[in-house]
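Enquirer: Fold the following, please.
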Amino acid sequence: MAYVREIFQQGWPDADAEGATEAALVAHIDRMAGDLEVVLKRIRSRLLWAFREVQRLNKVREQQATLEQEDEAHFRRCDRLIKKLKGMQSKRRRDAEGFDDINTYSALAAEGYLPGYGLDTGAVVAMAEVPYWHLGSMDFDLPRPASVAIREYVPGNLIYANGHRFVARRFHREVEGEQVEMPLFEVNIDRKAVCETSVGQNAGALASSTLPAIPLCDVDLMHQSQISDEEETRFQMSVATYGREQGRHNGGDMFGWGERQLSLRCGVHLRLVNVGATSLVEQDTPELGYPICTVCGQSVSPLASDAQLSHFQEGHETRCGRKPVTGSKFLYQSL
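Expert: Numbers count the residues shown, from 1 in each chain. You can find the predicted model right below:
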């Protein structure tokens, strides 16, 4: 504590004096071990997810003697991820720019635990795979904070990176997340509000809808095309993201303004919920959420045609043994 105090309390700006108080520094030190444990669990969950997918695809291979082209590419991605996390495959000179996964400090910086030194950091990682026939381009990762990933890494949106366009296709559902029921949220479009609810509970308002949700997770990006100079503007799908306070904040000040009270709070904890594409949410008959298979994690754009959505449901009922929920789509939440 004496060492940390010597570093941060000398020359600290008076306007942000609350950030370097004795209590604040003690809290940061006490949280270090717990935050590190969260990062380690997150990395381990990625390893377990890849291991589970390899097992699932091996069973499909045993039954059908081979894998479809898309499943074969997914198997190779999972195998590379396992080798990388186990230290069997280090960063190569010809790989895309980024941090070295084998270096502990670099990995912790990419996860946001340590300063990133200008690198993109975040708890949510999008893994982009570039087809082999694009010479000079290699696979790369795009980490994002949860607050940014919840509006970027959604089905139907285009991701522009390294001269290519990608779409979010397969979501890495947590291993632990499948052992519990998916949370339900009551969505009130008129008030642009969400709240957690339970199965069998009636909606609190006539304009409310109750839909299941999946936690924000890593995602595989499917290559769409190269960026063309003829494209004057970039496409970004507008999404509706509602927030709900968690009842926690890091203190602040209260002001009196006549008969009114104003509060200035720092570090307010929110739960963000992406309820779907804005164009579908705001139409006369709202359509919420995104079509995502709860078995394999594959998705399709909510703006797809009825024929594409029907093909998506029928295909996953055959391949995964479980048909996506009919008549409703899945919300996308940030914990």
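Enquirer: where exactly do the helices run in the stretch 51-200 of the chain?
Expert: 69-85, 104-110, 146-152 (DSSP state H, counting those that start in this stretch).
Enquirer: ok, and what's touching the first one?
Expert: The set of residues that contact helix 69-85 without belonging to it, under CB atoms under 8 Å, 6 or more residues apart in numbering, is 43, 46-47, 50-51, 53-54, 57, 60, 67, 89, 101, 127, 129, 139, 170, 220. C-betas here are computed from N, CA, C, even on glycine.
Enquirer: circling back: ok, which of the helices of the stretch 51-200 of the chain comes nearest residue 229?
Expert: Closest of these to residue 229 is helix 146-152, at 23.2 Å (criterion: CB to CB).
Enquirer: what's the offset of that closest one from the middle of its chain?
Expert: Offset of helix 146-152 from its chain centre (CA atoms, centre = their mean, to the nearest Å): 6 Å.
Enquirer: helices and strands around it, which ones?
Expert: Secondary-structure packing of helix 146-152 (3 or more CB pairs under 8 Å, 6 or more residues apart in numbering; DSSP states H and E): strand 124-128, strand 239-245, strand 270-277, strand 331-334.
Enquirer: Packed most tightly, which of these would that be?
Expert: Compared across the helices and strands packed on helix 146-152, strand 331-334 shows the largest average neighbour count, a mean of 24 (mean count of other CB atoms under 10 Å).
Enquirer: filter the contacts of helix 69-85 to the buried ones?
Expert: 46, 50, 53, 54, 57, 101, 127, 129, 170, 220 (16 or more other CB atoms under 10 Å).
Enquirer: Next, the contact list for the first one, please.
Expert: With contacts defined as CB under 8 Å, 6+ apart, residue 46 is in contact with 81, 85, 125, 172, 218.
Enquirer: ditto for residue 278
Expert: Taking CB under 8 Å, 6+ apart, one finds 238, 239, 240 in contact with residue 278.
Enquirer: Could you check how far it is from residue 235?
Expert: Distance of residue 278 to residue 235, given as CB to CB, to the nearest Å: 14 Å.
Enquirer: part of a helix, is residue 279?
Expert: Yes: using DSSP: H, G, I helix; E, B strand; the rest coil, the assignment for residue 279 is a helix.
Enquirer: now, which of the contacts of residue 278 sits nearest residue 315?
Expert: residue 239 (25.2 Å).
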